[in-house]
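Asker: Got a sequence here, can you build the structure:
(2 chains)
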Protein chains: 2
Amino acid sequence: MILPFIQTSARAEPATRAPLHAMLPLLLSAVSILAAAAASTHHPHPFDPLSPAELTAVRDAVLASPLVPARPLTFHYVGLDEPDKPDVLSYAYGNSASSSRAALPRRAFVIARAGGQSHELRVDVTDAAAPSVLAHAVHRGAGFPTLTLDEQFAAVALPPAHPPFVESVRRRGVDMADVLCAVFPVGWFGGDPPAEERRVVKLLCFVAGATANFYARPLEGVTLVVDLDRMAIVGYRDRVLLPVPKAEGTDYRAGKAGPPYAGRAPAPGTVVQPEGRGFDIDGHFVRWANWEFHVGFDVRAGTVISLASIHDAEAGARRRVLYRGFVSEVFVPYMDPVEEWYYRTFLDAGEYGLGLWAFPLQPGADCPANAAYLDGYYAGQDGKPVENKNMICVFERYAGDVAWRHTEAGFPDRLITEVRPDVSLVVRMVVSCGNYDYILDWEFKTSGSIKFTVSLTGLLEVKGTAYTHADQITEDAHGTLVAENALAVYHDHYVTYHLDLDVDGTNNSFVKNTIATKRNEGGTPRRSYWTVRREVAETEADAQVDVNAAPADLLVVNPNKRTRMGNEVGYRVVPGGATAASVLDDDDFPQRRASYCKKQVRVTPYSKAEKWAPGLYADQSTGDDGLAAWSKRDRGVRNEDIVLWYTVGIHHIPYQDDFPVMPTVSGGFELRPANFFERNPLLTTRPPGLTSRLS
Amino acid sequence: MILPFIQTSARAEPATRAPLHAMLPLLLSAVSILAAAAASTHHPHPFDPLSPAELTAVRDAVLASPLVPARPLTFHYVGLDEPDKPDVLSYAYGNSASSSRAALPRRAFVIARAGGQSHELRVDVTDAAAPSVLAHAVHRGAGFPTLTLDEQFAAVALPPAHPPFVESVRRRGVDMADVLCAVFPVGWFGGDPPAEERRVVKLLCFVAGATANFYARPLEGVTLVVDLDRMAIVGYRDRVLLPVPKAEGTDYRAGKAGPPYAGRAPAPGTVVQPEGRGFDIDGHFVRWANWEFHVGFDVRAGTVISLASIHDAEAGARRRVLYRGFVSEVFVPYMDPVEEWYYRTFLDAGEYGLGLWAFPLQPGADCPANAAYLDGYYAGQDGKPVENKNMICVFERYAGDVAWRHTEAGFPDRLITEVRPDVSLVVRMVVSCGNYDYILDWEFKTSGSIKFTVSLTGLLEVKGTAYTHADQITEDAHGTLVAENALAVYHDHYVTYHLDLDVDGTNNSFVKNTIATKRNEGGTPRRSYWTVRREVAETEADAQVDVNAAPADLLVVNPNKRTRMGNEVGYRVVPGGATAASVLDDDDFPQRRASYCKKQVRVTPYSKAEKWAPGLYADQSTGDDGLAAWSKRDRGVRNEDIVLWYTVGIHHIPYQDDFPVMPTVSGGFELRPANFFERNPLLTTRPPGLTSRLS
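Answerer: Numbering: from 1, shown residues only, chains lettered A, B, ... in the order given. Sure thing, here's the model as predicted:
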């Protein structure tokens, strides 16, 4: 007997049927601020995300402030305004005992819309009972803040009352009750200042009907434009009439797609930890094996890992690795230039918010049975705290891998086999940003490695077409015919990590060790060999690397710390598949907005303001702010506090096997110690207890 | 209480101490032929490896044959002489019921040395009681067969009785009882016919003493040359006197490297399958979920997977994917041109034998607790069968990954979350070829993917040096100073897979779908996009691909089978890291011997004779036979029975963290369905039973 995996949350008010995206603030449980506040008896860690009480205090202060009198005022971003780095370092690694460490001020950074302007506010909530606005500014440049869920919900409620849309739906023979619309950012396509100064989005609509997979059934050809500040339809177009792809074969829910099942199933299995978990979660601090780190949350970035350090048993010291790391942006350009598709060049973090679209993880399915869960809190459009239950999971991973091994057959009198099974610690979040699902894993290894894995799954974005067979296609279809009347359009995914590495200290350098072929002049019969050409990046331009070009080891080293052997301590970046870079023309508008995607590796000097690869205001951004623009200053990066930016990239040519839901595709990279330790640290960390029962 | 993982097999005769490599035929349990024969009541599958009874029959026939009268006769390769492909296909996929299928003839291919020649014999053992030699030939070209364990053992026993060596050891202040030597193939460095017509190897020696890690303590500068057919030292050189690196800090055995351990350990954990395993092993046939395949064994290749097919529930049919696949070669060139290192350009499969150096897996460590094990049998130098216990393991992998998922937030009245945890089936072998350990995984996924992972671990090959600190290094050291007096030398690893794909039938084509940027002339504001430029390879030259060059999807398709949508059914090759290609000069000798390593992807028309990438005779080969040489004929590959060759490559710059034993580094590739199924097959295969308890 197979029960489906569906999680259905009943809702109090069934209300209108046609509307759309995510009434999530309603679906997710309301927060009990008192309970949350009571749970925290000591002061928060400087990197703890804003608590429900703090979010409420931020709201109170902003609404009470005379600096922004206009109403309505909507909250688009409320996040931690992190303390200055020297203060955090002193707090985290100072000599005073943890209990006596002085609390740092608690501050929030807010972007709110009011009076047709984007307002930036800094709010002190150190005393949540007496919050105060410290600073206020109005954003003057291009771009708008992240869309709220509420305004998306409001926008998609508009079409059923729009007579031309009603007519379009009728012409297609579709029941309006089956229609759902979704919000699509318009991007930016020229003009200075931006031609589209209004904060607008496009709405595209779909037919659910007999399937949950409405993305497979576009109402192709129909586009609505909504002015979000006026919350009104300001544009309408029904360009072309195409069949709506059929519902049959598109549903992915277990009860709909099967049974009958065919073939034997894999056996049920689960990880059992008889002695319990091997890690502690103390507030937001995780301690496991030789690692410790802080797990935070940001509504735009999702998971934020800070202050990751590793205990070096041989040195008898805790050593710093990463100050702060998170996914800065996810750029997803589609490759069909037609009117309904050319602008689909999503910046999922900046436009939608990765944390906002990270939903509760399914215990035992999204994460194994031995996982622990963390909740997230964010401010809704009204500024009130919203709980995102089970948003991040943490688990020890027993994948059946080997951490290291050796069989030594060279002794005449014995065969030595020494094996250490691999156990790692995974911190996982899943972002379901519209049709796609991104499983984002941080994996900490006792060897000192941190492995970053992006797994893509979810639903393809499908274009309606008259084609029902590939033989009918005589010109570029810009996609694969995955079902009758349904083309899965070519696209890319670029997941860009912001990694402020502090390898054994704050100041680091970026080193490119290129594999260089040499002619042998040494008198032996060998004619060639390769050696290492070491280049230390002086400026940002030196550190922009296409990892598919000349083979090289790329390292972040600390030039001020050396091993006993005299090697600079470091970490290296090891690409693990998914190394695509953008191939759009440099003068193309989406490319200008995400021009950092032409190289997988970039390095910048640390700046607290430089967090978001496409700039702080991603919606309708023009590329004049952001990672590539900052780097044009070509600042020095040698022996500086540097940030590594790594972009995981996939060119996605869809296939029928990816439809109606896509088997996971994974890629990523690893940060691997490179002369960081005097020798393999796995020798002096304790072998897993497992081994005691097997030897 | 931590017990070490060491497996110590006591040996009856402690005998001489200095000698070396692997008295494995003695260490491994002798085979009871009667018992093995009794276990098999029905006829063997055509791809079953030779049984102990069959190996014995081969030996009897060869030794009784008048065709090779010279003695001594040594067996260097005894493997299955597989039946012709049409016969196997008819056997495997014919319409007759399995039980009534006629047995195919059982034949062995043998390479034996006698009278200073390499003899090839084909032996029929269909009736093991009356074996017969069907054919005999003497190999006339360059190259020699795989080294036997016995002759390596005999060779490394020679140095302690060689007075100049005794003097070299004395000069270095080392106790001869602590010295071990190992066999190193000489490669080929010019001359036509090969300058070195004798079958010689070099011996390099090491000091164990207080450590099991003798590879970390070379007796640098000393080289012995042994003529294997004469089994005599024919060359000796003590070129340079260098310190022997110290033993301290090099041992990797748990009891030697720790305790004291530092820091917390990961928690003990294990995979539990309450309903038992989800797969059957019937003889050598494995059936699991929608997959079935044959697991064979070859002394040169190790694991051989054949006749892999997948049940397509929607089509109600079993569909072919792979006829036969195995690791064809592992090329490991080192990058120091000095006298003692220039020739270290190993062909581990052809020179040593991957199956010969695959040792018993450690249950619960090399493979998880839920694994099943298969034994291997090979012919020793004397032709007698040797059992290799627990050489291959098979297990269901519960890594905490997600097979596919989607959270749908677009409905106003419900949040849908549908998740399928991933379970895959792994077939694993570990090859410990001297200092390095290769963990070679075949991973079958219910999505139809086959994932190939090469994980490298084991010991670095270290060069003795006078350096004790990096500051002393003023010229190219060709490696990293990993300990005092110890340089870990730069090198590469190239693991080349032979994959005879038969995607939904025998005849296939190779398609390169290149990502091509286009200028938008379509009237929308978008300026560029990419589309797919499809090229079907006509000949072998078209199908040689550098996967780091222009981005492309590489597919093997069946042009004779299309989906209902009209797309050609296919599989695509997805590189997953480790995409290095050789950078040696084309005229360099090791490059000529392994010139196929300049491109990661190659395609050839199927030929039963073309199995081994560097040619049948790899030891002292000249590159005149082998994959690159065969492909110079530039044969047609379009709509033919084709073989895909994929090389996983790593440039390895060692770091101190890799010493004294290396944390696993992994890379590989995936064969992923590409329009093979009408839609994602995971929808119609049964969700794992696990889900029934979690929903």
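Asker: Below-threshold pLDDT in chain A: ranges please.
Answerer: A:1-41, A:95-100, A:192-196, A:258-263, A:685-695 (pLDDT under 70).
Asker: If you tally nearby residues, what's the number for the closest residue to chain B within the stretch 351-500 of chain A?
Answerer: Chain B sits closest to A:A470 of the stretch 351-500 of chain A, with a gap of 3.1 Å, by C-beta to the nearest C-beta. Bear in mind the C-beta positions are built from the backbone N, C-alpha and C, glycine included. As a burial measure, A:A470 scores 17 neighbours (other C-beta atoms under 10 Å in any protein chain shown).
Asker: pretty sure it contacts B:M565?
Answerer: Yes. With contact defined as C-beta atoms under 8 Å, A:A470 and B:M565 form a contacting pair (5.8 Å).
Asker: Identify the contacts common to the two.
Answerer: Contact criterion C-beta atoms under 8 Å, 6 or more residues apart in numbering or on different chains; residues shared by A:A470 and B:M565: A:L481.
Asker: so what's the residue in the stretch 51-200 of chain A that chain B sits nearest to up against?
Answerer: Closest contact between the stretch 51-200 of chain A and chain B, by C-beta to the nearest C-beta, is at A:F189 (3.5 Å). For A:F189, the contact set (C-beta under 8 Å, 6+ apart) comprises A:A195, A:Y342, A:Y343, A:F589, B:P525, B:R526.
Asker: go again using 10 Å as the cut-off
Answerer: A:195-196, A:342-343, A:345, A:588-590, A:593, A:620, A:622, B:524-527 (C-beta atoms under 10 Å, 6 or more residues apart in numbering or on different chains).
Asker: Just the buried residues of the residues you listed.
Answerer: Buried subset of these (neighbour count, 16 or more other C-beta atoms under 10 Å in any protein chain shown): A:196, A:342-343, A:345, A:588-590, A:593, A:620, A:622, B:524-527.
Asker: which ones among those residues are found in strands?
Answerer: Among these, the ones falling in strands (DSSP state E) are A:T345.
Asker: In a markdown table, list the buried ones among the contacts of A:F189 along with distance to B:N508.
Answerer: Shown next, in a markdown table, are these (distance: C-beta to C-beta, whole Å):
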| residue | distance to B:N508 |
| --- | --- |
| A:E196 | 50 |
| A:Y342 | 37 |
| A:Y343 | 40 |
| A:T345 | 36 |
| A:D588 | 37 |
| A:F589 | 41 |
| A:P590 | 37 |
| A:R593 | 42 |
| A:Q620 | 48 |
| A:T622 | 48 |
| B:T524 | 39 |
| B:P525 | 42 |
| B:R526 | 37 |
| B:R527 | 38 |
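Asker: and stretch A:455-468, which residues are buried?
Answerer: By 16+ other C-beta under 10 Å, the buried positions in stretch A:455-468 come out as A:455-465, A:467-468.
Asker: show me the residues around the closest residue in space to A:R198 that isn't next to it in sequence that make contact.
Answerer: Distances taken as C-beta to C-beta, 6 or more residues apart in numbering or on different chains put A:D227 closest to A:R198, at 5.3 Å, once the chain neighbours are dropped. A:D227 is in contact with A:A155, A:R198, A:R199, A:V200, A:V201, A:I233, A:V234, A:G235, counting by C-beta under 10 Å, 6+ apart.
Asker: Can stretch A:331-341 be said to contact chain B?
Answerer: Yes. Applying C-beta under 10 Å from any C-beta of the partner chain, one finds stretch A:331-341 touching chain B at A:P333, A:Y334, A:M335, A:D336, A:P337, A:V338, A:E339, A:E340, A:W341.
Asker: how far does that stretch sit from the chain's center?
Answerer: Here the centre of stretch A:331-341 is set off from its chain's centre by 21 Å, with C-alpha atoms, centre = their mean, to the nearest Å.
Asker: hang on, the earlier thing: and the residue of the stretch 351-500 of chain A closest to chain B, what are its phi and psi?
Answerer: A:A470 adopts backbone torsions of phi -60, psi -30, taken as degrees, to the nearest 10.
Asker: Ok, A:A53 next?
Answerer: Taking degrees, to the nearest 10, you get phi -60, psi -40 for the backbone angles of A:A53.
Asker: what's the neighbour count on it?
Answerer: By the criterion of other C-beta under 10 Å, A:A53 has 20 neighbours.
Asker: So in terms of bridging, what pairs with A:L425?
Answerer: Here A:L425 sits in beta bridges with A:E396, A:F444, as judged by DSSP bridges.
Asker: Number of residues surrounding it?
Answerer: By other C-beta under 10 Å, 23 other residues sit near A:L425.
Asker: Surely it and A:V394 touch.
Answerer: Yes. In this structure A:L425 lies within contact range of A:V394 using C-beta atoms under 10 Å: 6.9 Å.
Asker: overlap in contacts of the two?
Answerer: A:R277, A:F279, A:V286, A:W288, A:W442, A:F444.
Asker: biggest separation within these, which pair?
Answerer: Pairwise distances across the shared contacts of A:L425 and A:V394 (C-beta to C-beta) peak at 17.0 Å, for the pair A:R277 and A:W442.
Asker: tell me the contacts of A:L682?
Answerer: A:290, A:403-404, A:420, A:422, A:445-448, B:252, B:257-258, B:657, B:661-664.
Asker: can you rerun that using 6 Å?
Answerer: For A:L682, the contacting residues are A:A403, A:W404, A:T446, A:S447, by C-beta atoms under 6 Å, 6 or more residues apart in numbering or on different chains.
Asker: same deal with A:F677?
Answerer: B:D657.
Asker: Just the ones of the buried residues of stretch A:455-468 in helices?
Answerer: The members of these all map outside helices under DSSP state H.
Asker: Output those of those residues also counted as contacts of chain B.
Answerer: Applying C-beta under 6 Å from any C-beta of the partner chain to those, one finds that A:T457, A:G458, A:L459 fall near chain B.
Asker: wait, doesn't A:V454 sit right on A:T496?
Answerer: No. In this structure, A:V454 is not within contact of A:T496 by C-beta atoms under 6 Å, at 10.5 Å.
Asker: which bits of the stretch 151-300 of chain A sit near chain B?
Answerer: Checking the stretch 151-300 of chain A against chain B by C-beta under 6 Å from any C-beta, the hits are A:180, A:189, A:212, A:252-253, A:257-258, A:261-273, A:275, A:277-278, A:289-290.
Asker: among the residues you listed, which are in strands?
Answerer: Per DSSP E, these map to strands at A:L180, A:T270, A:V271, A:V272.
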